[in-house]
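**Student:** For reference, the sequence and a predicted model appear below.
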Amino acid sequence: MPSAVRFNSLIHEKSPYLLQHARNPVNWYPWGDEAFEKAKREDKPVFLSIGYSTCHWCHVMAEECFEDEEVAGALNRDFISIKVDREERPDVDGYYMEVCQRMTGSGGWPLSVFLDSEGKAFFAGTYFPKHDRPGMSGFLTLLGQIATLWKTDRNRIAGAAERIGREAVSHAQSPAPVDENMPERVFLELERRFDAKYGGFSGAPKFPSPQNLLFLLRFYAAAGKEKALNMCEKTLGCMRRGGIYDQIGFGFCRYSTDSRWLVPHFEKMLSDNALLCMAYTECWQITGKEEYRRTAEEILSYLTGRMQSENGGFYTAEDADSEGVEGKYYTFTPEELRQALGPDEKEFSRLFGITEEGNFEGKNIPNLLSGGIPENRREFAEACRRKVLACRSGRVPPFLDDKILPSRTGLAVAALSLAARAFGEEAYLRKARGAADFVLENMTARDGSLIAVYREGPSRAPGFAEDYAFFLWGLLELYEAGREPCRLESALRLEKVFAERFEDRENGGFYSAEAGAVRSPARGKEIWDSSMPSANAVHAFQLVRLARLADRPELEKRAARILEAFPLELSRAPAACPTAAGAVLYLRGGGTDVTLTARDETELAPFYGAIHSGYFPFLTARTNPANFGAGRENNGPRAYVCAGRRCYSPVDDADQLLRLIHGKK
């Protein structure tokens, strides 16, 4: 009889990433007291491996090392091994990623860190192969060296752990006013790094960096700098035509391995696509160019068709691999296309860059880098795309990480709500409502706090700062799109819980984890953007909106206090903080606030039409239903506008309202 399948301690977890490793011969433990107590009891160092379920190089290291009996033997003999899903524990990931970056000058996933039994790091890296390679130590070699050092020179390890711990923990800073020119400094740095040929802000590998794009659009709105809009348009256009965009099924991959956006790592993240959808929507609001609206709508069709669950929440990511091969699901040979398209294959291949020799390991990533689709061929291209998609749907799809996080679902709610408001699409609003309601009903505890993960039921883990900040963002976008008072009430309740559990009342800002998070390595705070926008920066911007929408000026003071809590980061590395720079723009310029009154709400449609007709990132519009039918408004609707910290006489038609919004008295 075959031997029974052996599981390690990860088999009881909810995270798909941890469950992927539950059958490894490594005796993995989840993050928690049990593993550290065992390390202390047995006097062993801890090996901490952090990744996520759709990370290609995580899969490579797992296959080479964690599924290997020889490596597992070394780990099980000399170490206590812990696996962490970075999306499930952003506090653990954020802290040890900072450790790795300080030690090595770079970071990424898989993140490999060696700790003592107190959780103090003394060595960090990313991917390691099993055996030595030129310029790279093998994992087996590394394990042997660290095991020997642990037994023979414990003082050296202790000294390194103490030093690294002191450097990695953010020291308290005395709050200081924010340099009002900080956004200009961010713009100048992005301008310096901009790739004028292909767009983006680096060479290979090249990430979409939607935080940079959203900042540039806000900077254009605030300062009228055409170069900011031009950089954003160039990047959005080149990305959309590249192989980083799934030309057949829609949605963006994580990043491009080359500088021209052709060859991606094929995993798709909900967070990337939600943020990019917002960038395309906002660029359409500025320019009116159909390609941006079309791209935003395509992204949303991907998100709602593939990434939204039947219960309304959104899954986090899709893998790069299928059947163990990266990109297999997404690439084609000409022969495969001939079978799907028949005689139309030749023209389709010409449009989408398909060749006999291929552009990726002998196959082809469809792309439009040769110039895009002429308008008179769009109908043809769409008909062919649908046929190719039907053919592709018969393949084994990439793995779908089906856990639901409040943070990522909040970004999806924001993207859908913004598109509903900009494009006038009620269907997007319904999808956004369903997603928000799922989190409120299934991922919110009785005390109003958020729950970190939902997969086949909610987890016991409390939410993190990014969950609160991003979901609040989604609620405010939903409120502005649908004008339902209950959404504003939910946002106010959520913000109150967030402040009670996460705010640093002494120095300002919000910690990444609440005090009750299991073995949080440090209650760190950060203002810089990483692969996600900073929770503090997002919250600062959204607090200003909430203050204006709810008429709670004290919240705006707290927004300013968040930014003032990080004087070193904002002064020394402003380009790493584009989301914070957007919040500085909002506070610096004062924004525009519109209060609408009428005999009944139907009279306000022209005003809302005017507000939604353009790009006004620093504008809030609110009504007070209690004022409907009020005596002084019996003559019809009125708009009361305050802009740049001064207020104007009320106006009674949409054209006059737009003149005031645009600063034309």
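**Tutor:** In hand now; what should we look at? Numbers count the residues shown, from 1 in each chain.

**Student:** for this protein, what are the low-confidence residue spans?
**Tutor:** 1-5, 166-172, 518, 522, 624-635, 664-665 (pLDDT under 70).

**Student:** Outline the domain layout of it.
**Tutor:** Listed by automatic domain parsing, the domain ranges of the chain are 9-168, 183-189+206-323+400-589, 330-392, 592-661.

**Student:** Out of those, which one sits most buried?
**Tutor:** Among those, the stretch with the highest mean neighbour count (mean count of other CB atoms under 10 Å) is domain 183-189+206-323+400-589, at a mean of 22. For every residue, glycine as well, the C-beta is placed using N, CA and C.

**Student:** still on that earlier bit, now that we have the domains of the chain, can you turn them into TSV and tack on distance to Ala196?
**Tutor:** Below are the domains of the chain laid out as TSV (distance: least, CB to CB, whole Å):
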stretch	distance to Ala196
domain 9-168	26
domain 183-189+206-323+400-589	7
domain 330-392	16
domain 592-661	24
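
**Student:** Looking at these, which is nearest to Gly199?
**Tutor:** Set against Gly199 and scored by CB to CB, these come closest in domain 183-189+206-323+400-589, at 3.4 Å.

**Student:** The stretch 151-300 of the chain: strands as residue ranges?
**Tutor:** Using DSSP state E, counting those that start in this stretch, the strands of the stretch 151-300 of the chain run over residues 255-256, 264-265, 268-269.

**Student:** Return the distance of the first one from the chain's centre.
**Tutor:** Averaging C-alpha coordinates over strand 255-256 and over its chain gives two centres that are 15 Å apart (CA atoms, centre = their mean, to the nearest Å).

**Student:** Dead centre of this structure: give me the residue that sits there.
**Tutor:** Ser271 (3.5 Å; CA atoms, centre = their mean).

**Student:** What residues does it make contact with?
**Tutor:** 316, 407-408, 411, 531-532 (CB atoms under 8 Å, 6 or more residues apart in numbering).

**Student:** mind redoing it with 10 Å?
**Tutor:** Going by CB atoms under 10 Å, 6 or more residues apart in numbering, Ser271 touches 87, 210, 254, 314, 316-317, 405, 407-408, 410-412, 466, 470, 531-533.

**Student:** Same question for Cys277.
**Tutor:** By CB under 10 Å, 6+ apart, Cys277 lies in contact with 210, 251-252, 295-300, 302-303, 411-412, 414-416, 418-419.

**Student:** Pretty sure Ile451 sits against Ser459.
**Tutor:** Yes. Here Ile451 lies in contact with Ser459, judged by CB atoms under 10 Å, at a distance of 6.2 Å.

**Student:** Now Arg483: closest residue in space, sequence neighbours ignored.
**Tutor:** Nearest residue to Arg483, sequence neighbours excluded (CB to CB, 6 or more residues apart in numbering): Thr623, at 7.0 Å.

**Student:** ok, that neighbour to Phe607 distance?
**Tutor:** 9 Å (CB to CB, to the nearest Å).

**Student:** quick one: common contacting residues for the two?
**Tutor:** With CB under 10 Å, 6+ apart, Thr623 and Phe607 have common neighbours 594, 596, 598, 637.

**Student:** can you list those residues in CSV and add secondary structure and distance to Pro183?
**Tutor:** Below are these laid out as CSV (DSSP: H, G, I helix; E, B strand; the rest coil; distance: CB to CB, whole Å):
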residue, secondary structure, distance to Pro183
Val594, strand, 24
Leu596, strand, 30
Ala598, coil, 37
Pro637, coil, 35
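
**Student:** Could you identify the pair within those residues that is furthest apart?
**Tutor:** Spatial extent of the shared contacts of Thr623 and Phe607 (CB to CB) is set by the pair Val594 and Ala598 at 12.8 Å.

**Student:** what touches both of those two?
**Tutor:** Common neighbours of Val594 and Ala598 (CB under 10 Å, 6+ apart) are 607, 623, 639.

**Student:** Contacts for stretch 370-381 next, please.
**Tutor:** By CB under 10 Å, 6+ apart, stretch 370-381 touches 237, 240-241, 247, 290-291, 294, 344, 347-348, 350-353, 368, 382, 384-385.

**Student:** and the end-to-end length of it?
**Tutor:** One end of stretch 370-381 sits 15 Å from the other (CA to CA, to the nearest Å).
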